[in-house]
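Undergrad: sequence and predicted structure below; questions after.
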Amino acid sequence: MEPDDGENARRVAAHYDELDPFYRRVWGEQIHHGLWLTGKESPEEAAVGTAALVGARLRLEPGMRVCDVGCGYGKMAESLAETFGVEVLGVTISPRQAEASGRDPRVEIRLGDWLSCEWDEGSFDGALAVESIEHMEDPAAAIARMARVVKPGGRVVLGCWLRAGDARPWEVRHLLNPIREDGHLSGVGTAEDYVCWVRQAGCELELIEDFSREVERTWPQCLWRSGWAMVREPDLRRYLLERHQQSRRWGFTVLRIWAAYVLGALRYQVFTARKPMGSDLVR
């Protein structure tokens, strides 16, 4: 599949820009899944746990330079910089997300479409994409670009929403397809798809981990926070219920996501891959 003329990227940018008040005031600027390893973590601790896992899988060391593909507001990039002492260059498609970043001097956020960005081969010691490849029209090309910009021996880590290979037809029709449409998740695939894309990029898969149960709590937490915010903040309630059709639909989508995780139709896996030493990847 070839990248489109940019229409998909514009839809994704519009999605995040329109829902910016919801994300920042309800979810916070860490808009990735939280990781509840013990079940006792606060939402903030769970979010930090996701960043810590990614940093550990990248085998980060102080002074390394890392690329965060689809970095959102840059909170994971900031967490990696603070915890591991690395420099992070993040890329986001959303102008509002890019404008909100910039608090840590070790983190640089650029506005752009990853499928159109150009960096020299081997520019980074590692690259991560947490819940962003799914938004891209051509996931294989996105992963191949990540592999190209990483130095030989460096790692690529992907945190991915996955469609369960054994999802039942009614789950696909009533849960997964609406989630895909409303979330602009054109690149959602199965675990087998991601294995294929990583190998096509010339990388060696080191580890595949399933954290579906550990991240599931993200969504009831999101629903609870949304309901409480709408009670406390009339202006946010008006924004979500009266002005924007996309905002209204997103509330139902959150319910579908939670249900899809509970039923096992939606999975969350982390892929760790290594670029071989001496590799000469196809551009």
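TA: Looks like it came in fine.
Undergrad: tally of neighbours for the closest residue to residue 210 other than its chain neighbours?
TA: Ranked by Cβ to Cβ, 6 or more residues apart in numbering and with sequence neighbours excluded, the top spatial neighbour of residue 210 is residue 269, at 5.1 Å. Glycine gets a C-beta too; all of them are placed from N, C-alpha and C. Residues contacting residue 269 under the criterion other Cβ atoms under 10 Å number 17.
Undergrad: separation between residue 269 and residue 133?
TA: From residue 269 across to residue 133, the span is 12 Å (Cβ to Cβ, to the nearest Å).
Undergrad: shared neighbours, those two?
TA: Overlap between the contact sets of residue 269 and residue 133, as judged by Cβ atoms under 8 Å, 6 or more residues apart in numbering, is given by residue 160.
Undergrad: re the thing from before, what secondary structure does the residue nearest to residue 210 sit in?
TA: strand (DSSP: H, G, I helix; E, B strand; the rest coil).
Undergrad: my read: it touches residue 205, true?
TA: No. In this structure, residue 269 is not within contact of residue 205 by Cβ atoms under 8 Å, at 11.5 Å.
Undergrad: flag every buried residue along stretch 139-156.
TA: Residues of stretch 139-156 classed as buried under the neighbour-count rule (16 or more other Cβ atoms under 10 Å) are 139-151, 154-156.
Undergrad: what's the answer for stretch 179-198, then?
TA: Neighbour-count burial for stretch 179-198, with 16+ other Cβ under 10 Å as criterion, is recorded at 179-180, 182-191, 193-194, 197-198.
Undergrad: tell me where the stretch 151-283 of the chain has strands.
TA: Ranges of strands within the stretch 151-283 of the chain are 204-210, 266-274, based on DSSP state E, counting those that start in this stretch.
Undergrad: follow-up on the earlier one: quick one: which of the buried residues of stretch 179-198 sit in helices?
TA: Using DSSP state H, the members of the buried residues of stretch 179-198 that fall in helices are 179-180, 182, 191, 193-194, 197-198.
Undergrad: can you pick out the most distant pair from the residues you listed?
TA: 182 and 198 (27.3 Å; Cβ to Cβ).
Undergrad: for residue 199, give me its contacts.
TA: When contacts are counted by Cβ under 8 Å, 6+ apart, residue 199 is found next to residue 205.
Undergrad: oops, could you answer that again for residue 265 instead?
TA: The contact partners of residue 265, by Cβ under 8 Å, 6+ apart, come to 163-164, 167-168, 171-172, 175-176.
Undergrad: would you list the buried entries among those?
TA: Buried among the contacts of residue 265 (16+ other Cβ under 10 Å): 163-164, 167, 171-172, 175-176.
Undergrad: please, where are all the helices along the protein?
TA: Under the criterion DSSP H, the chain contains helices at 7-18, 20-22, 43-58, 75-84, 95-100, 139-149, 169-171, 177-182, 191-200, 212-215, 218-232, 234-238, 245-263.
Undergrad: which of those helices sits closest to residue 109?
TA: Smallest distance to residue 109 across these (Cβ to Cβ): 5.5 Å, for helix 95-100.
Undergrad: which strands and helices lie in contact with that closest one?
TA: helix 7-18, strand 107-111 (3 or more Cβ pairs under 8 Å, 6 or more residues apart in numbering; DSSP states H and E).
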